[in-house]
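> Take this sequence and fold it.
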Amino acid sequence: MAITMTPAAVDRVKSFMANRGKGLGLRLGLRTSGCSGMAYVLEFVDTLNDDDEVYEVEGVNIIIDAKSFIYLQGIELDFVKEGLNEGFQFNNPNAKGECGCGESFTV
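Okay, here's the model as predicted:
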């Protein structure tokens, strides 16, 4: 499969979707940003775009546009809690490097 999620990420996204009460799934995409060039984008999806692909992972719909997919193929989405901090972590085999702050990456 092109996209995978850890059990923690699946549980967190399902919780967000249940609290939200609507939506088709979660968009995983990219935008130009940061000192390394690309940053991840996560957002709820209510309607699909023409170039969107939907990947069902453990009951969660992950929506990725065609332009982002080439950089995200093989990615694992994780949800990590470290002390008081928590958030999604992206384990992307296509990333060749990350900036020091961890906000962006390069391929």
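
> Check which helix or strand the residue nearest the centre of the chain maps to.
Centroid-nearest residue in the chain: Leu28, 3.8 Å away (criterion: Cα atoms, centre = their mean). Assigned by DSSP states H and E, Leu28 belongs to strand 25-33.

> now for that strand, which elements pack on it?
Strand 25-33 sits against helix 7-20, strand 37-45, strand 60-65, helix 66-72, with contacts defined as 3 or more Cβ pairs under 8 Å, 6 or more residues apart in numbering; DSSP states H and E. C-beta: built from backbone N, CA, C; applies to glycine.

> Check the average confidence over the first one, would you?
Just to be clear, that refers to helix 7-20. Averaged over helix 7-20, pLDDT sits at 96.

> Please list the residues outside it that contact it.
5, 23, 25-26, 44, 57-60, 77-80, 88 (Cβ atoms under 8 Å, 6 or more residues apart in numbering).

> Please pick the buried ones from those.
Neighbour-count burial (16 or more other Cβ atoms under 10 Å) applied to the contacts of helix 7-20 gives Met5, Gly23, Gly25, Leu26, Val57, Val60, Leu77, Asp78, Phe79, Phe88.

> All set, thanks.
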